[in-house]
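Asks: coords below, sequence missing:
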């Protein structure tokens, strides 16, 4: 059996009120050790207030070749942006 | 640099795909792990990032050597933090390399059996406390010059690792300068030690940038792919230009009689390091090559039972949880 520790992806909340953000990855035998290692590797200078760890092989990612079908449809829908609409100045804040 | 003389691999891919790939890089796009990339790009990057990571890890040894003998508790805490950073830098870089399809254990094994290299600089000994100052100031200073432009490298994970590294690296150079400054401004005996450290480490620091690569084919390909951002000579000149005034500030003698301001070029002239020494160190014949690899091999071997034990425990826990559900 392969004895390499699994890879974990690390997400850190930098400050209260912010989302967790992906910061990198590391190896650890289990989730508990992954959090301990993440603390040492990714928060040595007050970079975080909360850590999430996810085993890398549990992440499903979109494929680069799906870029077209996934994102092109939204390119033609300019009306989804508020700047699409001309609002007369006298209407005020809207 | 931390990655020296990285041989670039030729690509035998479809020319049309290669051109499209180059166009993405020229447009400043980042290449991400799941994107198509030439075989040569992948192989060269694994070699370069791997060598860079190994350098961070082996680089802990010359400094770790002085943690227990730091002159004050504060210096000890600072050095400890710096060496811990180096471990972190190695880990960021290993993770970046792993996104290219090589495993951590494979990389480690290639370091341990000598198939992969680390920077020549770490094969020099650190003989006394003054060397701690000189290493942080000169060696990390040289590394920063290479790593700052690499933040803009084309491979996304490598670029992100470099951004993290650079954020922490200037602490390293500054603490080194601060430590050597203390000695340069200290008693005559301390000043003599500071001078001796600068004299010994100057040329090995210049060698970190690697031999002149003006005509190197590898360099041209790596620069086109934006995995090498400057020529070795450009970076070496920059290092000399920024460091000479600092040596003068410390009122130490210049470690090379060939250093002279060249008005016409707008740069300092300097003597070339002894490149035969460099190639000898790369080949494994530096003062500490054997010690460094022996220390890494011992750590890997001694840690085996810990790695196996923790994994066995994790598997047992997972199996119990599974049975209970």
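Replies: Received, thanks. Since this is a predicted model, take the numbers as computed values, not measurements. Residues are numbered from 1 along each chain as shown, chains lettered A, B, ... in the order given.
Asks: same question for residue 29, what's its three-state structure.
Replies: Let's take chain A. coil (DSSP: H, G, I helix; E, B strand; the rest coil).
Asks: my bad, the chain I had in mind was chain B
Replies: Assignment for residue B:29 (three-state DSSP): coil.
Asks: the residue nearest to it when sequence neighbours are not counted: what's it in contact with?
Replies: Leaving aside its sequence neighbours, residue B:29 sits nearest to residue B:154 (Cβ to Cβ, 6 or more residues apart in numbering or on different chains; 7.8 Å). C-betas here are computed from N, CA, C, even on glycine. Counting by Cβ atoms under 8 Å, 6 or more residues apart in numbering or on different chains, residue B:154 makes contact with B:25, B:29-31, B:225-227.
Asks: and residue B:154, what's its pLDDT?
Replies: As predicted, residue B:154 sits at a pLDDT of 97.
Asks: chain B contacts on chain A?
Replies: By the rule Cβ under 8 Å from any Cβ of the partner chain, the part of chain A lying against chain B is A:3-5, A:7, A:24-27, A:29-30, A:33, A:40-41, A:44-45, A:61, A:63-64.
Asks: give the buried residues for stretch B:212-226.
Replies: B:213, B:216, B:218-219, B:221-223, B:225-226 (16 or more other Cβ atoms under 10 Å in any protein chain shown).
Asks: any chance of JSON lines for the residues you listed, columns pLDDT?
Replies: Shown next, in JSON lines, are the buried residues of stretch B:212-226 (pLDDT from 0 to 100):
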{"residue": "B:213", "pLDDT": "84"}
{"residue": "B:216", "pLDDT": "76"}
{"residue": "B:218", "pLDDT": "78"}
{"residue": "B:219", "pLDDT": "85"}
{"residue": "B:221", "pLDDT": "91"}
{"residue": "B:222", "pLDDT": "92"}
{"residue": "B:223", "pLDDT": "93"}
{"residue": "B:225", "pLDDT": "96"}
{"residue": "B:226", "pLDDT": "96"}
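Asks: low-confidence stretches in chain B?
Replies: B:1, B:11, B:215 (pLDDT under 70).
Asks: all strands for it, in order.
Replies: Assigned strands in chain B, in chain order: B:260-262, B:267-269 (criterion: DSSP state E).
Asks: packing partners of the first one?
Replies: Using 3 or more Cβ pairs under 8 Å, 6 or more residues apart in numbering or on different chains; DSSP states H and E as the contact definition, the elements that strand B:260-262 packs against are strand B:267-269.
Asks: other residues contacting the strand it packs on?
Replies: Contacts to strand B:267-269, defined as Cβ under 8 Å, 6+ apart, come from residues B:237, B:240-241, B:244, B:258-262.
Asks: which of those residues are buried, as a PyMOL select command?
Replies: Buried subset of the contacts of strand B:267-269, written as a PyMOL selection, criterion 16+ other Cβ under 10 Å:
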select buried, chain B and resi 237+240+244+259
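Asks: may I ask which two of the contacts of strand B:267-269 are separated the most?
Replies: Farthest pair in these (Cβ to Cβ) is B:241 and B:258. Separation: 14.3 Å.
Asks: among the contacts of residue B:154, name the buried ones.
Replies: Counted by 16+ other Cβ under 10 Å, the contacts of residue B:154 give B:25, B:30-31, B:225-227 as buried.
Asks: what about the helix or strand of chain A with the lowest mean pLDDT, distance to the chain center?
Replies: In chain A, no helix or strand scores lower on mean pLDDT, DSSP states H and E than helix A:67-75, which sits at a mean of 86. Distance of helix A:67-75 from its chain centroid, counting by Cα atoms, centre = their mean, to the nearest Å, is 20 Å.
Asks: now swap in stretch B:213-231 and tell me
Replies: 18 Å.
Asks: that older thread, out of the buried ones among the contacts of residue B:154, who's nearest chain A?
Replies: residue B:31 (10.0 Å; Cβ to the nearest Cβ).
Asks: how close does the closest residue to residue A:12 other than its chain neighbours sit to residue B:33?
Replies: Using Cβ to Cβ, 6+ apart and skipping the chain neighbours, the partner closest in space to residue A:12 is residue A:48 (4.0 Å). Relative to residue B:33, residue A:48 is positioned 24 Å away (Cβ to Cβ, to the nearest Å).
Asks: between the two, who's got more neighbours?
Replies: Just comparing residue A:48 and residue B:33: by other Cβ atoms under 10 Å in any protein chain shown the higher neighbour count belongs to residue A:48, 20 against 16.
Asks: is that one in a helix, a strand, or coil?
Replies: Under the three-state scheme (three-state DSSP), residue A:48 adopts coil.
Asks: that one touches residue A:14, doesn't it?
Replies: Yes: between residue A:48 and residue A:14 a contact is recorded at 6.0 Å, counting by Cβ atoms under 8 Å.
Asks: list the residues that contact the residue lying farthest from the centre of chain A.
Replies: What lies farthest from the middle of chain A is residue A:90; by Cα atoms, centre = their mean that is 41.2 Å. Neighbour list for residue A:90: empty [criterion: Cβ under 8 Å, 6+ apart].
Asks: how close does it get to residue B:7?
Replies: 69 Å.
Asks: show me what from the stretch 51-200 of chain B comes close to chain A.
Replies: B:81, B:84-85, B:88, B:91-92, B:95, B:98, B:103-105, B:160-161, B:164, B:168.
Asks: run the last query once more with 10 Å
Replies: Contact residues (Cβ under 10 Å from any Cβ of the partner chain) of the stretch 51-200 of chain B with chain A: B:81, B:84-85, B:87-92, B:94-96, B:98-99, B:103-106, B:108, B:157, B:160-161, B:164, B:167-168, B:171.
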